[in-house]
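Colleague: Next input, structure requested:
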Amino acid sequence: MKKALVTGASGFVGSHLVDRLLEKGNYEVYAAIRKTSSKKYLQDARINFIELPYEDSQALKELLVQHNFDVVFHLTGLTKAKRATDFDKVNFIYTKSLVDSLQGLTAKLIFMSSFAAHGPADDKTLLPAKVSDECVPDTAYGKSKLKAEQYINTNRNDNYIILRPTGVYGTRETDYFVFFQTLHNHIEPYLGFTPQRLTFIYGTDLADICILSAESEITNKTYFVSDGNLYLDYEFAAITKEALHTWALKIKFPLFVLRFVVSILECVSKITGKSFTLNKDKYNILKARNWDCDIEDLKTDLHFEPKYDLKRGVAEAIAWYKKEKWL
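Modeller: Have a look, this model is predicted:
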(Lines give C-alpha, C1' and ligand atoms only; values in the text may rest on other atoms or scores of the structure.)
Protein backbone atom coordinates (compact mmCIF):
# COMPACT_ATOMS: atom_id res chain seq x y z
CA MET A 1 0.00 0.00 0.00
CA LYS A 2 1.25 3.46 -0.90
CA LYS A 3 0.80 6.22 1.65
CA ALA A 4 -0.87 9.33 0.25
CA LEU A 5 -1.35 12.67 1.98
CA VAL A 6 -4.10 14.97 0.69
CA THR A 7 -4.01 18.53 2.01
CA GLY A 8 -7.22 20.54 1.67
CA ALA A 9 -9.06 17.23 1.85
CA SER A 10 -12.31 18.75 3.09
CA GLY A 11 -12.58 20.92 -0.02
CA PHE A 12 -14.47 20.24 -3.24
CA VAL A 13 -11.60 18.69 -5.23
CA GLY A 14 -9.82 17.32 -2.17
CA SER A 15 -12.79 15.24 -1.06
CA HIS A 16 -13.21 13.81 -4.57
CA LEU A 17 -9.51 12.95 -4.65
CA VAL A 18 -9.81 11.12 -1.33
CA ASP A 19 -12.75 9.16 -2.78
CA ARG A 20 -10.80 8.25 -5.90
CA LEU A 21 -7.73 7.12 -3.95
CA LEU A 22 -9.87 4.89 -1.73
CA GLU A 23 -11.65 3.45 -4.79
CA LYS A 24 -8.30 2.40 -6.26
CA GLY A 25 -7.68 0.32 -3.16
CA ASN A 26 -3.88 0.52 -3.14
CA TYR A 27 -3.51 3.73 -1.11
CA GLU A 28 -3.45 4.34 2.61
CA VAL A 29 -5.07 7.77 2.63
CA TYR A 30 -4.32 10.58 5.06
CA ALA A 31 -6.63 13.59 4.90
CA ALA A 32 -5.06 16.80 6.18
CA ILE A 33 -7.75 19.09 7.56
CA ARG A 34 -8.11 21.71 10.28
CA LYS A 35 -10.02 21.07 13.49
CA THR A 36 -12.77 23.37 12.22
CA SER A 37 -13.02 21.70 8.79
CA SER A 38 -16.17 19.87 7.77
CA LYS A 39 -16.00 16.09 7.40
CA LYS A 40 -19.29 15.95 5.52
CA TYR A 41 -17.69 14.32 2.46
CA LEU A 42 -15.02 12.45 4.41
CA GLN A 43 -17.06 9.74 6.09
CA ASP A 44 -15.20 6.62 4.94
CA ALA A 45 -13.79 4.74 7.94
CA ARG A 46 -10.55 4.06 6.05
CA ILE A 47 -9.57 7.74 6.09
CA ASN A 48 -6.79 8.74 8.46
CA PHE A 49 -7.10 12.34 9.63
CA ILE A 50 -4.11 14.54 10.30
CA GLU A 51 -3.47 18.23 11.02
CA LEU A 52 -0.38 19.87 9.54
CA PRO A 53 1.44 22.52 11.61
CA TYR A 54 2.44 24.76 8.67
CA GLU A 55 3.59 27.52 11.01
CA ASP A 56 5.93 25.23 12.99
CA SER A 57 8.55 24.04 10.51
CA GLN A 58 10.27 21.68 12.95
CA ALA A 59 7.02 19.97 13.95
CA LEU A 60 5.93 19.73 10.31
CA LYS A 61 9.23 18.17 9.31
CA GLU A 62 9.06 15.62 12.12
CA LEU A 63 5.50 14.69 11.16
CA LEU A 64 6.39 14.15 7.50
CA VAL A 65 9.49 12.14 8.40
CA GLN A 66 7.41 10.01 10.76
CA HIS A 67 4.84 9.09 8.11
CA ASN A 68 7.21 8.95 5.12
CA PHE A 69 4.47 9.46 2.50
CA ASP A 70 4.91 8.15 -1.02
CA VAL A 71 2.94 11.04 -2.49
CA VAL A 72 1.73 14.40 -1.19
CA PHE A 73 -1.18 16.06 -2.99
CA HIS A 74 -1.06 19.69 -1.91
CA LEU A 75 -4.54 21.04 -2.58
CA THR A 76 -4.77 23.47 0.32
CA GLY A 77 -5.57 26.90 -1.08
CA LEU A 78 -7.46 30.09 -0.43
CA THR A 79 -9.64 31.39 -3.30
CA LYS A 80 -11.44 34.19 -1.44
CA ALA A 81 -9.91 36.51 1.15
CA LYS A 82 -10.34 39.93 2.74
CA ARG A 83 -6.68 40.84 2.23
CA ALA A 84 -4.01 39.97 -0.34
CA THR A 85 -1.75 38.95 2.55
CA ASP A 86 -4.20 36.15 3.36
CA PHE A 87 -3.67 34.67 -0.10
CA ASP A 88 0.06 34.94 0.38
CA LYS A 89 -0.04 33.21 3.75
CA VAL A 90 -2.07 30.18 2.70
CA ASN A 91 -1.16 29.79 -0.97
CA PHE A 92 2.52 30.68 -0.79
CA ILE A 93 3.85 30.58 2.79
CA TYR A 94 2.13 27.28 3.63
CA THR A 95 3.37 25.77 0.37
CA LYS A 96 6.90 27.01 1.09
CA SER A 97 6.73 25.44 4.55
CA LEU A 98 5.60 22.12 3.10
CA VAL A 99 8.26 22.12 0.37
CA ASP A 100 11.00 22.92 2.90
CA SER A 101 9.79 20.14 5.19
CA LEU A 102 9.80 17.62 2.33
CA GLN A 103 13.49 18.21 1.62
CA GLY A 104 15.38 14.93 1.88
CA LEU A 105 12.19 12.85 1.65
CA THR A 106 11.21 10.76 -1.37
CA ALA A 107 7.54 11.75 -1.58
CA LYS A 108 6.32 12.94 -4.96
CA LEU A 109 4.66 16.36 -4.65
CA ILE A 110 1.56 17.11 -6.73
CA PHE A 111 0.82 20.82 -6.39
CA MET A 112 -2.59 22.20 -7.29
CA SER A 113 -1.97 25.59 -8.79
CA SER A 114 -4.38 27.43 -11.11
CA PHE A 115 -4.80 28.93 -14.57
CA ALA A 116 -4.82 32.19 -12.57
CA ALA A 117 -1.08 31.78 -11.96
CA HIS A 118 -0.58 32.34 -15.69
CA GLY A 119 -3.20 35.04 -16.08
CA PRO A 120 -5.76 35.04 -18.90
CA ALA A 121 -4.74 34.11 -22.43
CA ASP A 122 -4.31 36.86 -25.02
CA ASP A 123 -7.58 38.64 -25.83
CA LYS A 124 -6.28 39.94 -29.17
CA THR A 125 -4.67 36.89 -30.78
CA LEU A 126 -7.13 34.51 -29.07
CA LEU A 127 -4.35 31.94 -28.90
CA PRO A 128 -4.51 29.39 -26.08
CA ALA A 129 -2.26 29.86 -23.04
CA LYS A 130 0.83 27.66 -22.99
CA VAL A 131 3.11 26.66 -20.13
CA SER A 132 6.01 28.25 -22.01
CA ASP A 133 4.32 31.68 -21.91
CA GLU A 134 5.41 34.47 -19.62
CA CYS A 135 3.08 34.46 -16.62
CA VAL A 136 1.27 37.73 -15.92
CA PRO A 137 -1.35 37.02 -13.25
CA ASP A 138 -3.82 39.86 -12.67
CA THR A 139 -5.32 38.69 -9.37
CA ALA A 140 -3.94 38.48 -5.85
CA TYR A 141 -4.92 34.81 -5.87
CA GLY A 142 -3.03 34.15 -9.10
CA LYS A 143 0.06 36.01 -7.93
CA SER A 144 0.19 33.93 -4.73
CA LYS A 145 -0.12 30.71 -6.72
CA LEU A 146 2.64 31.78 -9.11
CA LYS A 147 4.94 32.53 -6.18
CA ALA A 148 4.29 29.02 -4.88
CA GLU A 149 5.03 27.53 -8.32
CA GLN A 150 8.28 29.47 -8.59
CA TYR A 151 9.37 28.34 -5.13
CA ILE A 152 8.71 24.70 -6.01
CA ASN A 153 10.57 25.03 -9.32
CA THR A 154 13.56 26.57 -7.56
CA ASN A 155 13.71 24.57 -4.34
CA ARG A 156 12.15 21.18 -5.05
CA ASN A 157 15.05 19.52 -6.85
CA ASP A 158 13.06 16.57 -8.12
CA ASN A 159 9.83 14.61 -7.99
CA TYR A 160 7.01 17.11 -8.42
CA ILE A 161 4.27 18.01 -10.87
CA ILE A 162 2.37 21.32 -10.95
CA LEU A 163 -1.21 21.36 -12.23
CA ARG A 164 -2.95 24.51 -13.48
CA PRO A 165 -6.65 23.68 -13.80
CA THR A 166 -9.03 26.02 -15.56
CA GLY A 167 -12.63 26.42 -14.33
CA VAL A 168 -13.35 23.49 -12.02
CA TYR A 169 -17.00 22.54 -11.55
CA GLY A 170 -19.02 19.54 -10.43
CA THR A 171 -20.81 17.99 -7.49
CA ARG A 172 -20.04 19.64 -4.12
CA GLU A 173 -18.75 22.83 -5.83
CA THR A 174 -20.16 26.18 -4.67
CA ASP A 175 -18.90 28.98 -6.99
CA TYR A 176 -20.28 27.77 -10.34
CA PHE A 177 -23.36 26.72 -8.40
CA VAL A 178 -24.14 30.45 -8.01
CA PHE A 179 -24.33 30.72 -11.81
CA PHE A 180 -26.53 27.62 -12.03
CA GLN A 181 -28.77 29.08 -9.34
CA THR A 182 -29.02 32.38 -11.22
CA LEU A 183 -30.16 30.62 -14.39
CA HIS A 184 -32.54 28.53 -12.32
CA ASN A 185 -34.08 31.85 -11.25
CA HIS A 186 -34.50 32.78 -14.95
CA ILE A 187 -31.70 35.35 -15.14
CA GLU A 188 -28.90 34.85 -17.71
CA PRO A 189 -26.20 37.47 -17.00
CA TYR A 190 -23.35 38.47 -19.31
CA LEU A 191 -20.49 40.84 -18.63
CA GLY A 192 -19.45 43.03 -21.54
CA PHE A 193 -20.49 42.62 -25.16
CA THR A 194 -17.76 40.31 -26.49
CA PRO A 195 -18.28 36.58 -25.82
CA GLN A 196 -15.96 34.94 -23.30
CA ARG A 197 -13.92 31.95 -24.47
CA LEU A 198 -14.10 29.45 -21.60
CA THR A 199 -12.55 26.13 -20.65
CA PHE A 200 -13.57 23.72 -17.90
CA ILE A 201 -12.59 20.55 -16.06
CA TYR A 202 -14.96 18.35 -14.09
CA GLY A 203 -14.02 17.82 -10.44
CA THR A 204 -13.64 14.05 -10.57
CA ASP A 205 -11.65 14.27 -13.81
CA LEU A 206 -9.27 16.65 -12.03
CA ALA A 207 -8.97 14.18 -9.16
CA ASP A 208 -8.08 11.48 -11.68
CA ILE A 209 -5.41 13.72 -13.20
CA CYS A 210 -3.87 14.13 -9.75
CA ILE A 211 -3.53 10.36 -9.49
CA LEU A 212 -2.18 10.03 -13.03
CA SER A 213 0.44 12.64 -12.11
CA ALA A 214 1.40 10.75 -8.97
CA GLU A 215 1.70 7.42 -10.71
CA SER A 216 3.58 8.74 -13.75
CA GLU A 217 7.36 8.56 -13.93
CA ILE A 218 7.34 12.09 -15.33
CA THR A 219 8.49 14.75 -12.89
CA ASN A 220 9.37 18.44 -12.75
CA LYS A 221 6.71 19.58 -15.21
CA THR A 222 3.78 21.98 -15.22
CA TYR A 223 0.50 21.29 -17.02
CA PHE A 224 -2.63 23.23 -17.86
CA VAL A 225 -5.72 21.15 -17.17
CA SER A 226 -9.05 21.27 -19.02
CA ASP A 227 -11.36 18.84 -20.80
CA GLY A 228 -9.70 19.88 -24.07
CA ASN A 229 -12.71 21.78 -25.42
CA LEU A 230 -13.39 25.48 -25.89
CA TYR A 231 -16.81 26.92 -25.03
CA LEU A 232 -18.30 30.37 -25.49
CA ASP A 233 -20.15 31.85 -22.53
CA TYR A 234 -23.54 31.61 -24.24
CA GLU A 235 -22.90 27.94 -24.99
CA PHE A 236 -22.20 27.36 -21.29
CA ALA A 237 -25.51 29.05 -20.46
CA ALA A 238 -27.39 27.05 -23.09
CA ILE A 239 -26.01 23.75 -21.79
CA THR A 240 -26.96 24.72 -18.24
CA LYS A 241 -30.51 25.80 -19.18
CA GLU A 242 -30.98 22.50 -21.00
CA ALA A 243 -29.92 20.57 -17.91
CA LEU A 244 -32.17 22.70 -15.72
CA HIS A 245 -35.09 22.44 -18.16
CA THR A 246 -35.64 26.16 -17.79
CA TRP A 247 -35.62 29.49 -19.61
CA ALA A 248 -33.83 32.68 -18.66
CA LEU A 249 -33.88 36.37 -19.51
CA LYS A 250 -30.57 37.49 -21.05
CA ILE A 251 -29.10 40.61 -19.43
CA LYS A 252 -25.82 42.17 -20.53
CA PHE A 253 -23.95 44.34 -18.04
CA PRO A 254 -21.30 46.84 -19.13
CA LEU A 255 -17.97 46.30 -17.39
CA PHE A 256 -18.20 49.55 -15.44
CA VAL A 257 -21.46 48.45 -13.80
CA LEU A 258 -19.91 45.31 -12.35
CA ARG A 259 -16.82 47.24 -11.29
CA PHE A 260 -19.08 49.61 -9.33
CA VAL A 261 -20.83 46.68 -7.63
CA VAL A 262 -17.47 45.12 -6.74
CA SER A 263 -16.29 48.39 -5.18
CA ILE A 264 -19.37 48.44 -2.93
CA LEU A 265 -18.92 44.81 -1.90
CA GLU A 266 -15.25 45.42 -1.09
CA CYS A 267 -16.27 48.24 1.25
CA VAL A 268 -18.86 45.98 2.89
CA SER A 269 -16.22 43.24 3.22
CA LYS A 270 -13.85 45.57 5.05
CA ILE A 271 -16.59 46.67 7.44
CA THR A 272 -18.14 43.27 8.15
CA GLY A 273 -15.11 41.01 7.69
CA LYS A 274 -17.14 38.85 5.31
CA SER A 275 -15.65 37.61 2.02
CA PHE A 276 -17.77 37.68 -1.13
CA THR A 277 -17.55 35.47 -4.22
CA LEU A 278 -17.84 38.62 -6.33
CA ASN A 279 -14.68 40.61 -5.57
CA LYS A 280 -11.87 42.41 -7.39
CA ASP A 281 -10.17 39.15 -8.32
CA LYS A 282 -13.43 37.71 -9.63
CA TYR A 283 -14.04 40.88 -11.63
CA ASN A 284 -10.64 40.54 -13.32
CA ILE A 285 -11.46 36.94 -14.18
CA LEU A 286 -14.89 37.81 -15.56
CA LYS A 287 -13.70 40.72 -17.69
CA ALA A 288 -11.01 38.64 -19.44
CA ARG A 289 -12.27 37.31 -22.78
CA ASN A 290 -9.90 34.39 -23.40
CA TRP A 291 -9.50 31.45 -21.00
CA ASP A 292 -8.33 28.93 -23.57
CA CYS A 293 -5.33 26.72 -22.75
CA ASP A 294 -3.19 24.09 -24.47
CA ILE A 295 -3.33 20.60 -22.88
CA GLU A 296 -1.59 18.57 -25.60
CA ASP A 297 1.34 17.72 -23.32
CA LEU A 298 -1.08 16.63 -20.59
CA LYS A 299 -2.71 14.18 -22.98
CA THR A 300 0.62 12.98 -24.38
CA ASP A 301 2.56 12.64 -21.12
CA LEU A 302 -0.16 11.44 -18.75
CA HIS A 303 -2.46 9.81 -21.35
CA PHE A 304 -5.34 11.86 -20.01
CA GLU A 305 -8.76 11.21 -21.53
CA PRO A 306 -11.53 13.23 -19.85
CA LYS A 307 -14.66 11.34 -18.91
CA TYR A 308 -16.72 14.51 -18.92
CA ASP A 309 -17.31 17.23 -21.46
CA LEU A 310 -19.30 20.26 -20.31
CA LYS A 311 -22.71 18.89 -21.32
CA ARG A 312 -22.33 15.64 -19.42
CA GLY A 313 -20.64 17.29 -16.43
CA VAL A 314 -23.23 20.04 -16.01
CA ALA A 315 -26.08 17.53 -16.29
CA GLU A 316 -24.56 15.35 -13.56
CA ALA A 317 -23.73 18.30 -11.32
CA ILE A 318 -27.23 19.78 -11.58
CA ALA A 319 -28.82 16.39 -10.90
CA TRP A 320 -26.72 16.23 -7.72
CA TYR A 321 -27.66 19.78 -6.67
CA LYS A 322 -31.33 18.89 -7.06
CA LYS A 323 -30.91 15.64 -5.15
CA GLU A 324 -29.20 17.50 -2.31
CA LYS A 325 -31.93 20.19 -2.35
CA TRP A 326 -29.50 22.95 -3.33
CA LEU A 327 -31.78 23.72 -6.27
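Colleague: which residue ranges form the strands in the protein?
Modeller: Per DSSP state E, the chain carries strands over the ranges 2-7, 27-32, 48-50, 71-74, 108-112, 160-165, 167-169, 187-191, 197-198, 200-202, 221-225, 231-232, 249-253.
Colleague: now those strands as TSV including mean pLDDT?
Modeller: Shown next, in TSV, are the strands of the chain (pLDDT from 0 to 100):
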stretch	mean pLDDT
strand 2-7	98
strand 27-32	98
strand 48-50	97
strand 71-74	98
strand 108-112	98
strand 160-165	98
strand 167-169	97
strand 187-191	93
strand 197-198	98
strand 200-202	98
strand 221-225	98
strand 231-232	98
strand 249-253	93
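Colleague: Ok, which of these comes nearest Y321?
Modeller: Y321 lies closest to strand 167-169 among the strands of the chain, at 11.0 Å (C-beta to C-beta). Where you see a C-beta, it was placed from the backbone N, CA and C, and this is true even at glycine.
Colleague: Direction included, what does the closest one pair against?
Modeller: Counting by DSSP bridges, the strands paired with strand 167-169 are strand 200-202 (parallel).
Colleague: Just give me the longest helix of this protein.
Modeller: Criterion DSSP state H: the longest helix present in the chain is helix 255-272.
Colleague: Out of the strands of the chain, flag the one nearest D208.
Modeller: strand 200-202 (9.4 Å).
Colleague: which other residues reach that closest one?
Modeller: 165-170, 209, 225-227, 229, 231, 236, 306-308, 310, 313, 316-317 (C-beta atoms under 8 Å, 6 or more residues apart in numbering).
Colleague: What lies in contact with the longest helix of the chain?
Modeller: So helix 255-272 is in contact with 82, 191-192, 274-276, 278-280, 282-283, 286-287, going by C-beta under 8 Å, 6+ apart.
Colleague: now it: mean pLDDT?
Modeller: Taken as a whole, helix 255-272 has a mean pLDDT of 79.
Colleague: in it, what's buried?
Modeller: Neighbour-count burial for helix 255-272, counted by 16 or more other C-beta atoms under 10 Å, picks out L258, V262, L265, E266, S269.
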